[in-house]
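Visitor: Need a 3D model of the following:
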Amino acid sequence: MGGIKVIALSEGLSHAPYYRVPTLKPLFDASSDKTSQYARLIEVTSYIIGRTVDVKFRYTCGDAARQNIVTIAIHRACQDFLDSISSKDLGIVDFQIEGQFSFDKKLS
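Guide: You can find the predicted model right below:
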C-alpha cells in the first residue's frame, strides 16, 4: 500500500503585529549627561529579542572618544532607569551592560 498517515495535533493561525513606541532617548538623556562633559547621547534604539529588549545607545564624545566614558554613561543611565517608576511599571528586574548588539570585546 505505501503512503503516509498524518494526524494534526493542533490547528491555528498566527499574525505578528508590531508596536511603535515613542523614542526612549528622553528617559536616558539626563543620566548620561551627569557622567561626562564629553559624552552626549545621540540616539537610542531598542530591539525586542524573545523576552528581552536590547537597547543600543549611540554617543558622540568629541575629541575624547573613549570607550570607558561611554560605558560609564550607559551604566549610569541603565541604573537610573532600573530605579525609576517606569522600569517598575514595566516589570524590569535587571540589566546587563553588554547585550547582543554590543561589539566591544566581541568577535565580529
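Visitor: secondary structure class for E11?
Guide: coil (DSSP: H, G, I helix; E, B strand; the rest coil).
Visitor: for the lengthiest helix in the chain, packing partners?
Guide: In the chain, taking DSSP state H as the definition, the longest helix is helix 67-82. Applying 3 or more C-beta pairs under 8 Å, 6 or more residues apart in numbering; DSSP states H and E, one finds that helix 67-82 contacts helix 25-35, strand 52-60. The C-beta positions use only the backbone N, C-alpha and C, and glycine is treated the same way.
Visitor: now the angle from it to helix 25-35?
Guide: 130 degrees (axes from the mean of the first three to the mean of the last three C-alpha atoms, to 10 degrees).
Visitor: Can you point out the buried residues in helix 67-82?
Guide: 69-74, 76-78, 80-81 (16 or more other C-beta atoms under 10 Å).
Visitor: what does stretch 30-38 give?
Guide: In stretch 30-38, counting by 16+ other C-beta under 10 Å, buried: 31-32, 35-36, 38.
Visitor: Which residue in those has the weakest pLDDT?
Guide: Across the buried residues of stretch 30-38, the bottom pLDDT score, 77, is held by S32.
Visitor: who are the neighbours in contact with that one?
Guide: By C-beta atoms under 8 Å, 6 or more residues apart in numbering, the contact list for S32 reads 39-41, 57, 59, 73-74, 76-77.
Visitor: With pLDDT and distance to I97 added, can I get those residues in TSV?
Guide: Shown next, in TSV, are those (pLDDT from 0 to 100; distance: C-beta to C-beta, whole Å):
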residue	pLDDT	distance to I97
A39	83	15
R40	86	19
L41	88	16
F57	86	11
Y59	86	14
A73	87	11
I74	86	7
R76	90	11
A77	89	11
